[in-house]
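Chemist: just a sequence and a predicted model for now, questions to come.
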Amino acid sequence: MATVFDDLLLRGVRAGEVPARQEASRDWFRNQARQSRTTPSAVSKDRDRLKNRAAVGHMYFFFYDPKGKKDLPYYDRFPLIFKVANTSDGFYGINLHYLPYRLRAKLMDSLYDIVNNRRYDESTRLRLSYDLLNGASKYRYFKPTFKKYLNAHVRSRFVKIDSTEWDIALFLPVERFEKARKTTVWADSRKMIT
């Protein structure tokens, strides 16, 4: 069964677009993904992508039910993260859904500078740390995205997104905010950045 990633990658190849390597191609895949009519359950159906654990520097989708959700003003039930670090009871990640699409693209474009290689294959990952992100102004958009996730509240396996698909996942309209509209979340995020 073809996934939204397979479909968009095939269309991109037919259109002469090479994922991740050139800015024009990144924009093409982002625009195509944003027009997609996919859902979180459709994204998470591909069994070959499902992982029991997330590795630092890689991108994942997963279902999440936060511990203190009653007290949170809002939260994302289907985060899209780059894992930053492990903790004793969970992990830190940057959840790109907390940014409006234009700012997601700006942050992702700057993150391409810290890939460990330019092969864009299964070995490609980001060399992430909180200190790196916090120390450079070009990464300033990460601030509203930095979240802690508790292992006990992860409600699915992790859906690993290959590096050639980062720009597709980035713009898929699958964020699932609870207790607030995404426009409210994004407005709050913009305030944190400035």
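Modeler: Alright, I've got the coordinates. Numbering: from 1, shown residues only.
Chemist: per-residue pLDDT, the spatially most central residue of the chain?
Modeler: Nearest to the geometric centre of the chain sits Leu80, at 3.4 Å (C-alpha atoms, centre = their mean). pLDDT recorded at Leu80 is 98.
Chemist: isn't it right next to Asn95, touching?
Modeler: Yes. Using C-beta atoms under 8 Å, Leu80 is in contact with Asn95, at 6.4 Å. In short, each C-beta sits where N, CA and C put it, glycine included.
Chemist: quick one, phi/psi of the residue nearest to the centre of the chain?
Modeler: phi -120, psi 110 (degrees, to the nearest 10).
Chemist: tell me the contacts of it?
Modeler: Residues counted as contacts of Leu80 (C-beta atoms under 8 Å, 6 or more residues apart in numbering) are Met59, Tyr60, Phe61, Asn95, Leu96, His97, Ile161, Ala169, Leu170, Leu172, Val174, Glu175.
Chemist: try it again at 6 Å.
Modeler: Contacts for Leu80 (C-beta atoms under 6 Å, 6 or more residues apart in numbering) come out as Phe61, Leu96, His97, Ala169.
Chemist: what does Val154 give?
Modeler: For Val154, counting by C-beta under 6 Å, 6+ apart, the contacting residues are Phe62, Tyr64.
Chemist: please report how far it lies from Gln32.
Modeler: 29 Å (C-beta to C-beta, to the nearest Å).
Chemist: please apply the same query to Thr3.
Modeler: Distance, Thr3 to Gln32, using C-beta to C-beta: 14 Å.
Chemist: the helix or strand harbouring Ile94 pairs with which strands?
Modeler: Using DSSP states H and E, Ile94 maps to strand 90-95. Strand pairing for strand 90-95, determined by DSSP bridges: strand 80-86 (antiparallel), strand 146-150 (antiparallel).
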